[in-house]
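>>> got a predicted structure here, sequence first:
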Amino acid sequence: MTEIRYPTEKWLTAYQNKHNCDREHAELVWWDNEIDHDRPTPYDLNEEQAKAVKEITKGAKSTKERKPTKRERKPDEAKRELIATTAQNLPRACGPNLESVEDIVVVNPEREIRFRFLGEEYSMVLTKHRPPKG
């Protein structure tokens with residue numbers, strides 16, 4: 001272990017004069033600088049104290065099992081309306097030879113519609129974005 005360096009009277013006086021501060025502030029600056037450079041200080045914990053702190057701050061594990069909480073989600077009427085209206089109006093889409101949309105299936109009334117158009121399968125997924133934070 002390396003030895004602890006203490007501030008000299010000369011250093012403290014020079015710092016106080018340069019920064020127009022009291023002795024206590026100059027000492028704090030010295031110890032902050034020592035900590036920043038990973039040097040030992042008289043405030044460091046010894047191994048025994050560090051183990052005790054680690055043991056105390058370790059999270060206590062619960063032996064009880066939590067009961068699963070049953071959460072009921074409220075239906076989003078706006079999303080349901082958008083999906084229903086979209087599904088209702090899909091047959092109005094026409095291909096180059098007047099082919100229409102076929103096999104329209106609402107997979108999830110608040111999220112997804114699947115259908116066939118021009119011999120290909122498609123799906124539309126509705127996403128509701130959250131408002132920005134702040």
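Looks like it arrived, so ask away. Small disclaimer: the values here were computed from a predicted structure and weren't measured.
>>> switch to C-alpha atoms for all contacts and neighbour counts from now on
Will do.
>>> now the helix or strand of the chain with the lowest mean pLDDT: buried residues?
None of the helices or strands of the chain scores lower by mean pLDDT, DSSP states H and E than helix 47-57, at a mean of 85. Within helix 47-57, no residue counts as buried by 16 or more other CA atoms under 10 Å.
>>> which residues touch that helix?
Residues outside helix 47-57 that contact it (CA atoms under 8 Å, 6 or more residues apart in numbering): none.
>>> chain center to whichever helix or strand comes after it, what's the gap?
Using DSSP states H and E, the helix or strand that follows helix 47-57 in sequence is helix 77-89. With CA atoms, centre = their mean, to the nearest Å as the basis, helix 77-89 stands 33 Å off its chain's centre.
>>> which intervals of this structure have sub-threshold pLDDT?
When the per-residue scores of the chain are filtered using pLDDT under 70, the ranges that remain are 1, 60-63.
>>> how is it partitioned into domains?
Described in terms of automatic domain parsing, the domain architecture of the chain consists of the residue ranges 9-55, 77-125.
>>> in CSV, list those domains along with distance to K67.
Supplementary listing: the domains of the chain in CSV, determined by distance: least, CA to CA, whole Å:
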stretch, distance to K67
domain 9-55, 28
domain 77-125, 29
